[in-house]
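[1] sequence and predicted structure, then a few things I'm wondering about:
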Number of protein chains: 2
Amino acid sequence: MASCRGCGRMASMVIPNGVADLFAELVDIVGADGVHVGTFNRALYRSDAGPLNAEPLGVCLPGKSEEVERVVGACARRGVAMTPRGAGTGLAGGTVPLHRTLVVSLARMDRVTELDVEAGTALIEPGVVNSDLDAMVAPHGLRFAPDPSSQVACTLGGNVATNAGGAHCLAYGVTSAHVLELDLVDVHGRRHRLDGPAHEHDGYDLRGVTVGSEGTIGFVTSARLRLQPSPDAIRTVLAAFPSVRTAAESVADIVAEGAGPAALELMDKEAVRCVEPYARAGYPLDAGAVLLAEFEGPEGAVEHGLGIALAAVARHGSADPTIARTEDERARLWKGRKAIGGAVAGVAPDYYLHDVVVPRSRLADVLEEVGRIATDEQVTIVNAVHAGDGNLHPIIAFDRRDREEVARTLRAGERIVEVAIANGGVVSGEHGIGLEKQAFLCEDGIMTAEDRAFQARLRDALDDLGLANPGKVLPAPATCAEAQHTLVPEGAWI
Amino acid sequence: MASCRGCGRMASMVIPNGVADLFAELVDIVGADGVHVGTFNRALYRSDAGPLNAEPLGVCLPGKSEEVERVVGACARRGVAMTPRGAGTGLAGGTVPLHRTLVVSLARMDRVTELDVEAGTALIEPGVVNSDLDAMVAPHGLRFAPDPSSQVACTLGGNVATNAGGAHCLAYGVTSAHVLELDLVDVHGRRHRLDGPAHEHDGYDLRGVTVGSEGTIGFVTSARLRLQPSPDAIRTVLAAFPSVRTAAESVADIVAEGAGPAALELMDKEAVRCVEPYARAGYPLDAGAVLLAEFEGPEGAVEHGLGIALAAVARHGSADPTIARTEDERARLWKGRKAIGGAVAGVAPDYYLHDVVVPRSRLADVLEEVGRIATDEQVTIVNAVHAGDGNLHPIIAFDRRDREEVARTLRAGERIVEVAIANGGVVSGEHGIGLEKQAFLCEDGIMTAEDRAFQARLRDALDDLGLANPGKVLPAPATCAEAQHTLVPEGAWI
């Protein structure tokens, strides 16, 4: 074991002795097909869907909670650190095996172990894919509300780890609001049941602490999720605006006037021009911005909300909104929003997707400032915004082969985060802190050194061995000064 | 300092030296009228609204956060433990100054320091009374959703400490869902800002941990609360049923069919017979149980929900529900529910009010079991239930002068909690663990010894001096076996 410069904690860097012995024990626990140590597999598990990466010690794929407990116990006895992984769709580097950790993939644990239609709950393993659960419960008139853009691939364990959001979390809250109970395997390999099926809990809210902790206090092996009734009616409208400001002002009015939208997505003109030729969603190419609003629930409430929204967008200069008349038309309008990530490939081979949240009242100013940053740094920034929540996802398109452009991309990203902070925002909405956002936790207005130390006391109390995904979430006090202006660890970009 | 048998932590029992010196410093900080050490005042602050009590070292009333920080610092330097207090309306003994702590009353900190109508938020000090905030924001078309039965007296700081609920939390969630940001003064007297005005947070959810922690990790000196638009329409209906079972079955149907009630309150026949002569709310005296259901929101949604509810109650034998036609009629229907606490005084001079939560599907069985316990133990139990949440409040009426009846009351209370646990429930819905419920955290099905130790690691990390409201929330491992069958500490009943 060595003390890590990056996170200031003890973590296994290289363990010449004991590794072969560890892998032999892992094979005993999960079988030979669940342990990978070769160069190819170690390369496969270097990164998530973002740009950061590091080489793991190896990869282990347990198939059930008891195996996770034994795997963690085997690592704990040898002081080997571990990084949990779901589908690897994350963007902030939370699952990058920094410090040569063992990657513990939970992808094989993909069973829905109990579906209680009457209670409206599902007990799931962490490797279940988000949209698979939704498809399974839909015939019972139920659904799982959080719908990250990666929902066809991302796992529910990853959603819990990052406290993931999605377009419809405006109405229903992010992942934490939908998790009733968790099984957490701590760093000693002991399983704890956090909360239960009742809609309340006893003692401290460890369930809440675990959601969003990115594997730094232990590994979730089971979750009881809250499902909700499918809505009776859904109405979807697309409104075009002369500018981002007028669209953002509509958002503020729609929410303040109690329209109660289920989703309220804003796309700027760069987003429209990028996605329309690719998705053919019917977005007007001459718009300064578009707003996609959805209302769902009982028929009366839906018409009520839609009425408020139509009046608000008209007041802000949207002349002729498109209201979807059929389910096909609705799907087409959503296709534009959902295809943005793919469409950016038409602009440049790589993209860097940010995730910041600002108070809704600051949205117009912040978006205009992001536009100025794009001009300054000569980069293309495509803005897709969960506008009702004030959650911006600026996508910077770039070519990683152009080192100078990479530098401008990083600088633009850093400036976007600083603008969010200056406007009373936070540095991560739903992607997590991972590696990417740690340096920003040192910024004034986010956390003081004392606040970080208070947070670290919580982490160190629950992971007293320092072996649960070391180097994530919290920046090391020692490296704050240097991290301040370094978006990503040196050499970590592919 | 001495190690406390009750909670196993170091806490100041009696501090012969240093007390006079401490009080002199407290007078310097808050002024002479903010420090009370006399026998009369020490007696006044012995208890909350429940039956447990203990004598404090003294009482201190700071007027602003800086004073709280200095008071806590002065105590920390001397190893003097502290117990925070709001209005003292709690029922579980959370604010009882066990271990001769200094009571730090936050009642003087009663300012709403910022009201942002556009953002729908209020920044408040902890001593603001719950319904005072509601009255202040109502003219702006806003309200604060959590509405504990004690809302005309209880403080928002106490609501945060216990994660309080209320009849309308069925639709809007308990206190935690309405707290955006907290200022927490830790046990060293250092203030931390937890989260901020944006609807997301960075790092571990310390805000969530603080809500419901009953002052055991520090004192909240400021909170930014989420307000919500007042509803356009409200409809209220009272339905009478032949039995508690049929009423409970209606509850399950109303929720499962997506009626979306804002409140769903069940009262059994003992509750009706107790409250009707007192409140004259129009509850039918021959009913086996009544259900008070309220729907609010846009007109269409309200009518939709009411329609589902009327069909459901008819199916379960409620022949002729009363729908309030005017605001006066609505207030009269609610008066019955809200007056139950007072009405119990007509049955017996004292009452012991419980607070357990069970899955909604278990409600009918659990209520029938509570009826059997009342018969067995020959006590009168009045049931008022936040039925939509499965949150029971059995009220046991008794006379404390009759020691034998006190024993039967305690036994009945204990059996009720055990029934809740056996049905997959939790031991506290909204009153907190305090002193009263600690023993039950040792029960199988709630927490194992290892789970409690995991919880204690969190508390001990955040209160590393053991001076923040010692002896609350978590039971001491050493005393679990004996606590198992002792509802309250010996000698603590008045």
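    Received the coordinates, thanks. Residues are numbered from 1 along each chain as shown, chains lettered A, B, ... in the order given.
[2] for A:Ala171, give me its contacts.
    A:Ala145, A:Gly260, A:Pro261, A:Ala262, A:Ala263, A:Glu296 (Cβ atoms under 8 Å, 6 or more residues apart in numbering or on different chains). For the C-beta atoms, the positions are set from N, CA and C on the backbone; glycine is no exception.
[3] so which of these belong to helices?
    Among the contacts of A:Ala171, no residue falls in helices (DSSP state H).
[4] which residue in these has the weakest pLDDT?
    Ranked by pLDDT, the contacts of A:Ala171 bottom out at A:Gly260 (87).
[5] mind listing what the closest residue to that one other than its chain neighbours touches?
    Closest residue to A:Gly260 apart from its sequence neighbours, by Cβ to Cβ, 6 or more residues apart in numbering or on different chains: A:Gly305 at 5.1 Å. When contacts are counted by Cβ under 8 Å, 6+ apart, A:Gly305 touches A:Arg235, A:Ala259, A:Gly260, A:Pro261, A:Phe295, B:Pro298.
[6] and the pLDDT at the last one?
    B:Pro298 is assigned 82 on the pLDDT scale.
[7] ok, back up a step: got a winner among the contacts of A:Gly305 for most neighbours?
    Highest neighbour count within the contacts of A:Gly305: A:Phe295, with 27 neighbours (other Cβ atoms under 10 Å in any protein chain shown).
[8] if I look at that residue, how far off is A:Ala259?
    Per Cβ to Cβ, to the nearest Å, A:Phe295 is found 7 Å from A:Ala259.
[9] report the central residue of chain A.
    Central residue of chain A (Cα atoms, centre = their mean): A:His431, 2.6 Å from the mean position.
[10] how many other residues sit next to the residue in chain A positioned nearest to chain B?
    For chain A and chain B, the shortest gap (Cβ to the nearest Cβ) falls at A:Gly300, measuring 1.3 Å. A:Gly300 has 20 neighbours, counted by other Cβ under 10 Å.
[11] which SSE is it in?
    helix A:299-315 (DSSP states H and E).
[12] next, the angle from that helix to helix B:299-315.
    Using axes from the mean of the first three to the mean of the last three Cα atoms, to 10 degrees, the inter-axis angle of helix A:299-315 relative to helix B:299-315 is 170 degrees.
[13] the helix or strand that helix A:299-315 is followed by: partners in the sheet, and parallel or antiparallel?
    As assigned by DSSP H and E, the chain's next helix or strand after helix A:299-315 is strand A:322-323. Strand pairing for strand A:322-323, determined by DSSP bridges: strand A:233-241 (antiparallel).
[14] please point out which parts of the partner strand sit buried.
    The neighbour-count criterion (16 or more other Cβ atoms under 10 Å in any protein chain shown) identifies A:Ala233, A:Arg235, A:Thr236, A:Val237, A:Leu238, A:Ala239, A:Ala240, A:Phe241 as the buried residues of strand A:233-241.
[15] same thing with stretch A:396-416?
    A:396-398, A:405-406, A:408-416.
[16] ok, back up a step: overlap of the contact sets of A:Phe295 and A:Ala259?
    Shared contacts of A:Phe295 and A:Ala259, counting by Cβ under 8 Å, 6+ apart, come down to A:Gly305, A:Leu306, A:Ala309.
[17] would you mind measuring from the last one to A:Val427?
    It refers to A:Ala309. Applying Cβ to Cβ to A:Ala309 and A:Val427 gives a distance of 30 Å.
[18] A:Asp186 now?
    A:Asp186 is 28 Å from A:Val427, by Cβ to Cβ.
[19] quick check: closest non-adjacent residue to A:Asp444.
    Once flanking residues are discounted, A:Asp444 sits nearest to A:Ile421: 7.9 Å by Cβ to Cβ, 6+ apart.
[20] confirm that the one you found sits in a helix.
    Yes: with DSSP: H, G, I helix; E, B strand; the rest coil as the criterion, A:Ile421 is part of a helix.
[21] tell me the contacts of A:Arg224?
    Residues near A:Arg224 by Cβ under 8 Å, 6+ apart: A:Thr121, A:Ala122, A:Leu123, A:Ile124, A:Val179, A:Leu180, A:Glu181, A:Leu182, A:Gly196, A:Pro197.
[22] among those residues, which are in strands?
    When DSSP state E is applied, those are split such that A:Thr121, A:Ala122, A:Leu123, A:Ile124, A:Val179, A:Leu180, A:Glu181, A:Leu182 fall in strands.
[23] restrict those residues to the buried ones and give me that as a ChimeraX selection.
    To isolate the buried ones among the ones in strands among the contacts of A:Arg224 in ChimeraX, judged by 16+ other Cβ under 10 Å, type:
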select /A:121,122,123,124,179,180,181,182
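[24] closest to A:Phe40 among the ones in strands among the contacts of A:Arg224?
    Comparing the ones in strands among the contacts of A:Arg224 against A:Phe40 with Cβ to Cβ places A:Ile124 closest, at 30.6 Å.
[25] which residue ranges of the stretch 251-400 of chain A form helices?
    A:269-279, A:299-315, A:327-338, A:340-343, A:363-377 (DSSP state H, counting those that start in this stretch).
[26] contact residues of the stretch 251-400 of chain A facing chain B?
    By Cβ under 8 Å from any Cβ of the partner chain, the residues of the stretch 251-400 of chain A that approach chain B are A:252, A:256-258, A:260, A:297-305, A:357-361, A:389-391.
[27] scratch that, the stretch 51-200 of chain A is what I was asking about
    A:118-120, A:173-174, A:176-177, A:186, A:190, A:192-193, A:196-200.
[28] distance check, the spatially closest residue to A:His393 that is not a sequence neighbour against A:Cys274.
    If the residues on either side of it in the chain are set aside, A:His393 comes closest to A:Ala384, at 5.0 Å by Cβ to Cβ, 6+ apart. Noted for A:Ala384: a distance of 10 Å to A:Cys274, by Cβ to Cβ.
[29] looking at those two, which is more packed in?
    For A:Ala384 versus A:Cys274, neighbours defined as other Cβ under 10 Å are more numerous around A:Ala384 (28 against 25).
[30] could you measure the more buried one against B:Lys335, distance?
    51 Å.
[31] now do A:Ala223
    In terms of Cβ to Cβ, A:Ala223 sits 42 Å off from B:Lys335.
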